[in-house]
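A.B. asks: A predicted structure for the sequence below; I have some questions about it.
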Amino acid sequence: MILRLSLLSFLGAASLAACGPGVGADPAAQRFRSYDLKITHPAPYATFVAISPGAPGAPMPKLRHLGSRDFSRYLMARTGCTVDPHHAAEVIGDPRVPAGYMVPVRCMP
């Protein structure tokens, strides 16, 4: 009887833990917010922004992540511009260890 009750309480706790807010949350949104990025928009009507680490040794997103919807939301929150999906981002420096990226953007006037 005690074994059955402990098993039922374990299963109940496990099922409640699976319904928590961390399960199924979008990890990409959290990942981009954890980056310390310096974003430079060189002119008000420029069609690109320069992205570099905000501090020496800070992590950079992968090139393939720059075209994602989550990174576009991150960029919109920081600059008011979104990533232009019709143009490719370019690497600044070594492709394996980039110093930064030039990201094409579309900005609302």
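C.D. replies: Noted; the coordinates are in hand.
A.B. asks: which residues of the protein fall in helices?
C.D. replies: In the chain, helices defined by DSSP state H lie at 2-18, 27-33, 69-79, listed in chain order.
A.B. asks: now do the first one, average pLDDT.
C.D. replies: It refers to helix 2-18. Regarding helix 2-18, the rounded mean pLDDT is 48.
A.B. asks: what do you get for the last one?
C.D. replies: This predicted structure assigns helix 69-79 an average pLDDT of 87.
A.B. asks: got the CA positions of that helix in CSV?
C.D. replies: Taking Å, rounded to 0.1, in the frame of the first residue of the first chain, the C-alpha atoms of helix 69-79 are listed here in CSV:
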residue,chain,number,x,y,z
ARG,A,69,12.6,34.7,-36.6
ASP,A,70,13.9,34.9,-33.0
PHE,A,71,17.0,36.9,-33.9
SER,A,72,14.8,39.2,-36.0
ARG,A,73,12.6,39.8,-32.9
TYR,A,74,15.7,40.4,-30.9
LEU,A,75,17.0,42.9,-33.5
MET,A,76,13.6,44.6,-33.7
ALA,A,77,13.6,45.1,-29.9
ARG,A,78,17.1,46.6,-29.9
THR,A,79,17.1,48.7,-33.1
